[in-house]
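Enquirer: Give me coordinates for this.
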Amino acid sequence: MTRVRRRRVLQLAGSSAVATLAGLAGCLEGDGSADGSGDGNATAEELTPGDGELGDPDPLVEVDVVWLPSPAFEPGLVHVEPGGAVRWVVEGHRHDVTAYHPETYGPLRMPDDVEPWESDLLREGREFEHTFQEAGIYDYADTRALCGTHESLGAVGRVVVGWPDIEDEPAIAHDADSLPGRAGTVMNEYDERTRTVLESE
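Expert: This next block holds a predicted model:
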């Protein structure tokens, strides 16, 4: 079993536990805290998602995965703190969230010393969450295919974590024009916006 597949098995087990706790929380009154750790640190479930505006990183950002007028991540470019999380929420149809990495899909467009991630196929109303521990730039795509891949229609995204040195990032070094269809155009836009903010620091 590969590292990625092993991580997916663990993610599925964790997702099942979270779903069970969420169902119980809806039946109980109180503050909704269920982790019992007592360490005073808010979990992702307890945080209110920020907008993840580039230049103002948040500990938790929520991204909508939309179907119409074309498949897309909204917002497609977000900024989180190291140790922060992104939660993708499917608003319609079926999608996935897959890191650009040779072990999961496509070219390397994330730090090469960090394990990639990929969701299962997500139906409307489903969520997928990933925590980013290391600073860097992480690109991803919706690899779901119908007449063409959602990726080729522009369903690609980027997560900037912390304040990385932009010149050391594979996501910036890799030629975005090699991506299919509108994916390259969208990534070039993300590159320009990312450079503007990170190089000003």
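
Enquirer: now the protein, which segments are flagged as low pLDDT?
Expert: 1-45, 147 (pLDDT under 70).

Enquirer: Need phi/psi at the residue nearest to the spatial centre of it.
Expert: The C-alpha lying nearest the average C-alpha coordinate of the chain belongs to residue 86 (Cα atoms, centre = their mean; 5.2 Å). With angles defined as degrees, to the nearest 10, residue 86 shows backbone torsions of phi -120, psi 130.

Enquirer: Mind jotting down where the strands sit in this structure?
Expert: 58-66, 72-74, 77-90, 98-99, 127-132, 136-141, 156-161 (DSSP state E).

Enquirer: Which stretch among those strands approaches residue 198 most closely?
Expert: Nearest of those to residue 198, taken as Cβ to Cβ: strand 156-161 at 7.4 Å. Where C-beta positions appear, they are placed from N, C-alpha and C, glycine not excepted.

Enquirer: what pairs with that closest one, and is each one parallel or antiparallel?
Expert: Using DSSP bridges, strand 156-161 pairs in its sheet with strand 77-90 (parallel), strand 136-141 (antiparallel).

Enquirer: so that strand versus strand 127-132, what angle?
Expert: Going by axes from the mean of the first three to the mean of the last three Cα atoms, to 10 degrees, strand 156-161 is angled at 40 degrees with respect to strand 127-132.

Enquirer: Now do the contacts for the residue nearest to the centre of the chain.
Expert: Counting by Cβ atoms under 8 Å, 6 or more residues apart in numbering, residue 86 touches 52, 60-63, 78, 80, 129-130, 132, 159.

Enquirer: again, only using 6 Å
Expert: Residue 86 sits next to 61, 63, 130, 159 when contact means Cβ atoms under 6 Å, 6 or more residues apart in numbering.

Enquirer: contacting residues around the third one?
Expert: Just to be clear, that refers to residue 130. Residue 130 touches 86, 117, counting by Cβ under 6 Å, 6+ apart.

Enquirer: and if you look at the one 4 residues further on?
Expert: For residue 134, the contacting residues are residue 114, by Cβ under 6 Å, 6+ apart.

Enquirer: So residue 91 versus residue 68, what's the distance?
Expert: Between residue 91 and residue 68 the computed distance is 9 Å (Cβ to Cβ, to the nearest Å).

Enquirer: These two: which has the busier surroundings?
Expert: Applying other Cβ atoms under 10 Å to residue 91 and residue 68 shows that residue 91 carries more neighbours, namely 14 against 9.

Enquirer: And residue 122, how far from residue 193?
Expert: 26 Å.

Enquirer: try residue 131
Expert: Note on residue 131: its distance to residue 193, by Cβ to Cβ, is 24 Å.

Enquirer: One more: residue 179?
Expert: Going from residue 179 to residue 193 by Cβ to Cβ gives 17 Å.

Enquirer: ok, now residue 115?
Expert: Using Cβ to Cβ, which is the criterion applied here, residue 115 is 26 Å from residue 193.
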